[in-house]
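[1] next one to model:
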Amino acid sequence: MNSRERVARAMRHQPVDRVPVMCQLALGHYFLNAGLPPHRIWFTSEGFADALVTLQQRYRFDGILINIPGRPENVLTDVVSIETNSEGECLTWRDGGVTFIPRDENPHHDQTTRANFEMIDPDDLDAISDLPGYVWNTYHIPRVAELRGVLRDIPDYFFRTIDLVKRAVGDTVSIHGEVFSPFTHYMELFGYEQALTSLLIDPGKAHAILDQLTGISIAWAVAQARRGVDAVLISSAFAGGSLISTAMYREFVIPYESRVTAAVKKISVPVYTHTCGRIGDRLELMAETGTQGIDTLDPPPLGNVDLAEAKKRVGANLFIKGNLDSVALLAYETRAQVIAEATERIGIGEIGGGYILSTACSVAPRVEPWKLELLAPLVEEIGSSANSANLRE
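    Model prediction:
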């Protein structure tokens, strides 16, 4: 059983030879450990694809999450200078804009602005083409002309990274695409404070905008599914209990994410959901969106999810990916600490199947690689006993 088959079976609650392992890595982790200049990873499809495959092979993960679209081939031709120092890289663009890429953090572009909720017309979201540096939270670079306004058609280069990764790993590794949920688009479009207050000030207008944003999420999710990814992850990072109540989740998240999951499932591609933080009070609500799996399940202190409880509540119907304490993984100093943490997750998660070993959220940039290198040998050693018995049955 190869990695692609293993993940596919785990997502469908079918017997596997061992628990799959597949962690999402923070961009800063790629910048520090992939052996490429950060601007090549962030601004080129070839660089990001190389980083994805390099670290998947180093850590022997069963899957790769491609969480940003392919880039236009000529993006870097608009860069007039690149200065590198101990803090990171500073790119100056032809239009005078500046992008700073820290060595261990996401890039920052100095011209990014947010929409004004009071001024925006839900029936004319093309007006946001006037927001410099912001194109559906996809680039954070000087604007790309063909992406101004509403993303109705997917440019061919969006698929470039998917194609490069598929070419590199063939049919042996599970490849997952990612799409922002309508609620994530909403939060990024207006900025977090304005977005949250707007839900209370004018919920009717918020619904009208979310309705429009749903079409954008569906367009990119379906396009990736048709391109041949093995699963689509809906990034709904801001829908946890740290930001919105269960009542708001039911009102502003479920109706729109349900449309995205339904669209992907029509193509017979698995779809699952990533939500950060405290989601212990909304596992069943997340299931109501039609998702087929839940990613992260942060334990304390970032979250409040107990893996055994989550398995009892939703594990019969949803696959679970995550729950390995991301904060603890950063702090651990010994092999024994990492192995003990992962062993406990495997022991709980493998019961009944449908579990993928992963950090609860992204692996932090400065998590030492040796810690991640322990996971694949561990699941091969201890994550196969119960599953092998299931296969024999």
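
[2] and for the residue found closest to Arg278 once you drop the neighbours it is linked to in the chain, the neighbour number?
    Distances taken as C-beta to C-beta, 6 or more residues apart in numbering place Gly241 nearest to Arg278, at 3.6 Å, with adjacent residues excluded. Every residue, glycine included, has its C-beta placed from N, CA and C. By other C-beta atoms under 10 Å, 17 other residues sit near Gly241.

[3] quick one: low-confidence parts of this structure?
    By pLDDT under 70, the weakly predicted segments of the chain are 110-112, 127-152, 383-393.

[4] in the stretch 1-150 of the chain, which spans are helices?
    3-11, 27-33, 38-43, 45-59 (DSSP state H, counting those that start in this stretch).

[5] among the ones you listed, which comes closest to Ser236?
    Judged by C-beta to C-beta, the one of those that comes nearest to Ser236 is helix 3-11, at 17.8 Å.

[6] picking up where we left off before, mind giving me CSV with the helices of the stretch 1-150 of the chain and columns for mean neighbour count and distance to Asn304?
    Shown next, in CSV, are the helices of the stretch 1-150 of the chain (neighbours: other C-beta atoms under 10 Å; distance: least, C-beta to C-beta, whole Å):
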stretch, mean neighbour count, distance to Asn304
helix 3-11, 23, 24
helix 27-33, 22, 25
helix 38-43, 22, 33
helix 45-59, 20, 28
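
[7] identify whichever of the ones you listed lies nearest to Val79.
    helix 38-43 (7.9 Å).

[8] can you report how many residues lie near the closest residue to Gly280 other than its chain neighbours?
    Excluding its sequence neighbours, the residue lying closest to Gly280 (C-beta to C-beta, 6+ apart) is Asn304, at 4.2 Å. Residues lying near Asn304 (other C-beta under 10 Å) number 17.

[9] from here on, count from 634
    Okay, residue one is now 634; in that scheme the one you just asked about reads as Asn937.

[10] do you know how far Asn937 is from Gly926?
    19 Å (C-beta to C-beta, to the nearest Å).

[11] Cys723 too?
    From Cys723 to Gly926 the distance is 40 Å (C-beta to C-beta).

[12] hmm, Phe823 and Phe871 touching each other?
    No: here Phe871 lies out of contact with Phe823, judged by C-beta atoms under 8 Å, at a distance of 11.5 Å.

[13] for Glu917, what are its contacts?
    946-947 (C-beta atoms under 8 Å, 6 or more residues apart in numbering).

[14] thought Cys994 was touching Gln657?
    Yes: counting by C-beta under 8 Å, Cys994 does reach Gln657; the two are 7.4 Å apart.

[15] so what's Asp914 up against?
    Contacts of Asp914 by C-beta under 8 Å, 6+ apart are 874, 879, 937.

[16] check which helix or strand it maps to.
    If you go by DSSP states H and E, Asp914 is not part of any helix or strand.

[17] for it, what are phi and psi?
    Main-chain dihedrals, Asp914, degrees, to the nearest 10: phi -90, psi 0.
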